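> Turn this into a model:
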Amino acid sequence: MTECIFCKIIEKRPDPTLTIFENEHVIGQISLQQKPGNHGHVLVIPKQHVQNIYELPDELNAPLMSALRLLSRVVKKAFAAEGIHIRQNNEPAAGQDVFHLHFHVIPRYQEDEFDTQAYERLPLERRQELAKTLVDALQLKS
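Have a look, this model is predicted:
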């Protein structure tokens, strides 16, 4: 197996300020790529290396879904989203380009032009701001 970028993030935490959620099974991290009108895009990643949804062990089903549900609620509240887009791709034909199972949680708004906008790489400082907004919202949820 080639080196997995998500395994490296989980193991080394190059910038812990981008982590918004963590338990023994799952990590939630601000995505490097964001759509211009939909900032707040979070990745929900199992800590165990699992290549895709087909390989997900049963014991991770509940912890992963619980984290996904919690982070969806937090993203919605923190960014006053009108809806949440959850995306998960399996295999290259479906757009998977990082071969470590992960879910995208993206704030959505009516007529937000999501489908016509290109992703942009946000600077670290902006991603840290988004992460702080989410951490603060998560603490209010507790």
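> Now do the same for the spatially most central residue of the chain: helix, strand or coil?
Among the residues of the chain, the one closest to the centroid is residue 43, at 1.2 Å (C-alpha atoms, centre = their mean). When classified by DSSP: H, G, I helix; E, B strand; the rest coil, residue 43 comes out as strand.
> where's it relative to residue 116, distance?
Distance of residue 43 to residue 116, computed by C-beta to C-beta, to the nearest Å: 23 Å. For every residue, glycine as well, the C-beta is placed using N, CA and C.
> Need the contact partners of stretch 101-108.
Here stretch 101-108 makes contact (C-beta atoms under 8 Å, 6 or more residues apart in numbering) with 6, 31, 35, 38-46, 50-53, 55-56, 64, 68, 71-72, 75-76, 79, 81-88, 114.
> For those, which PyMOL command selects only the ones that are buried?
Command for PyMOL that selects the buried part of the contacts of stretch 101-108, burial taken from 16 or more other C-beta atoms under 10 Å:
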select buried, resi 6+31+35+38+39+40+41+42+43+44+45+46+50+51+52+64+68+71+72+75+76+79+81+84+85
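> for the chain, what spans make up the strands?
19-22, 26-30, 33-34, 42-46, 83-87, 103-108, 120-121 (DSSP state E).
> can you put those strands in JSON lines and add mean pLDDT?
What follows is the strands of the chain, written out as JSON lines (pLDDT from 0 to 100):
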{"stretch": "strand 19-22", "mean pLDDT": "95"}
{"stretch": "strand 26-30", "mean pLDDT": "97"}
{"stretch": "strand 33-34", "mean pLDDT": "96"}
{"stretch": "strand 42-46", "mean pLDDT": "98"}
{"stretch": "strand 83-87", "mean pLDDT": "98"}
{"stretch": "strand 103-108", "mean pLDDT": "98"}
{"stretch": "strand 120-121", "mean pLDDT": "96"}
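> As a check, name the ranges of all helices in this protein.
Listed in chain order, the helices of the chain (DSSP state H) span 5-12, 58-78, 124-141.
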